[in-house]
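J.: Next one to model:
(chains A and B)
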Amino acid sequence: MTTAVQPSGGGGGLDRPSSSGLADVIDTILDKGLVIDAYVRVSLVGIELLTVDARIVVASVDTYLRFAEAVNRLDISGTEQKGLPDLLEDVTSGGAKAKTRGALDAAGDKLRDILGDDEEEPVSRGRKGR
Amino acid sequence: MRPVAAETDTGTVTETAIYVYGILPADVEIDDDARGVGDPPAEVTTVHSGPIAALVSEIPHDAPLGRPQDLTAHASLLDSAAAEVPVLPLRFGAVVADERAVVDELLDANRDDFTAALEQLEGMAEYVVRARYDEQAILREILSENDGMARLAKAIRGKPEEATRNERMALGEHITQAIEAKRAADTQLVADALDELVEEFAPRQPTHEEEAVNLAVLAETDREKDLEAAIGELAKEWEGRVEVRLLGPLAAYDFVVTRTPE
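T.: Below is the predicted model:
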């Protein structure tokens, strides 16, 4: 699964969600904010706090192999016909990408409608504890 | 130190505790329909002490806490408050024995700190810039900038993983490092672009291998449009390479600090 579902927002390419998605919320409220002194806080007697592990990016063998495979696929999809510098130029100047943008955007909108506004970060983002 | 107990001063066992969301000025009014954590979502009220108040709701002692709804309730309550008034957000999961403990041990014990911090936050809120690289675009960019990596890419092309494991490991490691370097550079670009518009920066740890930027800023809510415009310009420049999101206004989670207890 890739990030293709992520809406790219209107016009300028800036996505401006009106409220934070769950992934953003988790990154924020479990990890940041004031902490009450331990002795003030009820020791959560009876209250089961369902903690969620903080997600930290740790470079791993899996990551390396995944990147390598992505490169492998990347090569198959285009580099045979073109040298890399040419491709880069296409990317930076917007080349072929710009032409297909309208259609892609429309598809993005559709997906967004189906998924609800803030469906995001579908990729392998850490785990949720329970 | 006071032992933690589920008892009130009258000695009766309470069945509820007080969940605390954050601290705000005492003159703020809370909507009657504001709801917080719990199932069903609890009514949100304030507990006052002088110029400051705590945003709270009751929570049963035996309630599990931390469902997705609880997390979003905590966040959206504080964030919507932060759009209007200064708020000191508490980390999720702060539960205090009863209202008296909120006053005595939280509000009164930290009154000067809280009051000063709320004054500093007046008119400001947190915004978070989060950006993610387009995988194909960033891989092409990296390969084009480094002959060694381009060679490795060629070496593994079309070959099975088992036969090219060493090359793949080397390539993946180089790519990870290259992305780290790009992340640092692109985060700096965002910071430079916003320098005039924000009071403070707080870089966050990346939460994804292909994250380009994860940067919290503290800015005047009046300048939100300027902020959007500045980020929008970068997003336009990066189109096809980086997807950019701007979150906020949020409560200033990244800009409040807990002092270590003496």
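
J.: ok, longest helix in chain B?
T.: helix B:165-194 (DSSP state H).

J.: That one packs against which elements?
T.: helix A:61-74, strand B:124-133, helix B:135-145, helix B:147-156, strand B:198-203, strand B:211-220, helix B:224-237 (3 or more C-beta pairs under 8 Å, 6 or more residues apart in numbering or on different chains; DSSP states H and E). Where C-beta positions appear, they are placed from N, C-alpha and C, glycine not excepted.

J.: avg pLDDT for whatever helix or strand B:Glu58 lives in?
T.: Using DSSP states H and E, B:Glu58 sits in strand B:52-60. For strand B:52-60, mean pLDDT rounds to 95.

J.: just checking, what packs against the following helix or strand past that strand?
T.: Downstream of strand B:52-60, the next assigned helix or strand under DSSP H and E is strand B:64-65. Contact here means 3+ C-beta pairs under 8 Å, 6+ apart; on that basis strand B:64-65 packs against strand A:48-49.

J.: Let me see the mean pLDDT of the strand it packs on.
T.: Here the average pLDDT along strand A:48-49 is 52.

J.: B:Ala97 and B:Tyr19 touch, don't they?
T.: No - contact between B:Ala97 and B:Tyr19 fails when scored by C-beta atoms under 8 Å: they sit 11.5 Å apart.

J.: So for these two, which sits in the more crowded spot?
T.: Neighbour comparison, B:Ala97 and B:Tyr19: the larger count goes to B:Tyr19, with 28 against 24 (by other C-beta atoms under 10 Å in any protein chain shown).

J.: Flag the shaky bits of the chain, pLDDT-wise.
T.: No chain was given, so I picked chain A. A:1-12, A:37-59, A:75-130 (pLDDT under 70).

J.: hm, I was asking about chain B
T.: Counting by pLDDT under 70, chain B contains low-confidence ranges at B:1-14, B:258-262.

J.: can you do 50?
T.: For chain B, applying pLDDT under 50 flags the ranges B:1-11, B:261-262.

J.: Report the separation between B:Leu121 and B:Leu246.
T.: To B:Leu246, B:Leu121 is 20 Å away according to C-beta to C-beta, to the nearest Å.

J.: Please read the previous query as pertaining to B:Ile138.
T.: Counting by C-beta to C-beta, the gap from B:Ile138 to B:Leu246 is 20 Å.

J.: likewise B:Leu90?
T.: For B:Leu90, the distance to B:Leu246 (C-beta to C-beta) stands at 24 Å.

J.: Compare the two (neighbour count), which wins?
T.: Taking neighbours as other C-beta under 10 Å, B:Leu90 and B:Leu246 compare with B:Leu90 leading, 26 against 22.

J.: touching chain A at all, the strand holding B:Glu58?
T.: Yes - judged by C-beta under 8 Å from any C-beta of the partner chain, strand B:52-60 comes into contact with chain A through B:Ile59.

J.: Need the residues that contact that strand.
T.: Applying C-beta atoms under 8 Å, 6 or more residues apart in numbering or on different chains, the external contacts of strand B:52-60 come out as A:47, B:15-26, B:28, B:30, B:35-38, B:42-47, B:65, B:77-78, B:81, B:87, B:95, B:99, B:102, B:106-107, B:111, B:114-115, B:118.

J.: if we can go back for a sec, the longest helix of chain B versus helix B:147-156: what angle between them?
T.: For helix B:165-194 against helix B:147-156, the angle by axes from the mean of the first three to the mean of the last three C-alpha atoms, to 10 degrees is 140 degrees.

J.: Can you name the residue of chain A nearest to chain B?
T.: The nearest approach of chain A to chain B comes at A:Tyr64, 2.6 Å away (C-beta to the nearest C-beta).

J.: isn't that residue right up against B:Ile179?
T.: No - counting by C-beta under 8 Å, B:Ile179 is not a contact partner of A:Tyr64; they are 11.7 Å apart.

J.: more neighbours, those two?
T.: Between A:Tyr64 and B:Ile179, B:Ile179 has the larger neighbour count (other C-beta under 10 Å), namely 25 against 20.

J.: so what's the residue of chain A closest to chain B closest to, chain neighbours aside?
T.: B:Gly172 (2.6 Å; C-beta to C-beta, 6 or more residues apart in numbering or on different chains).
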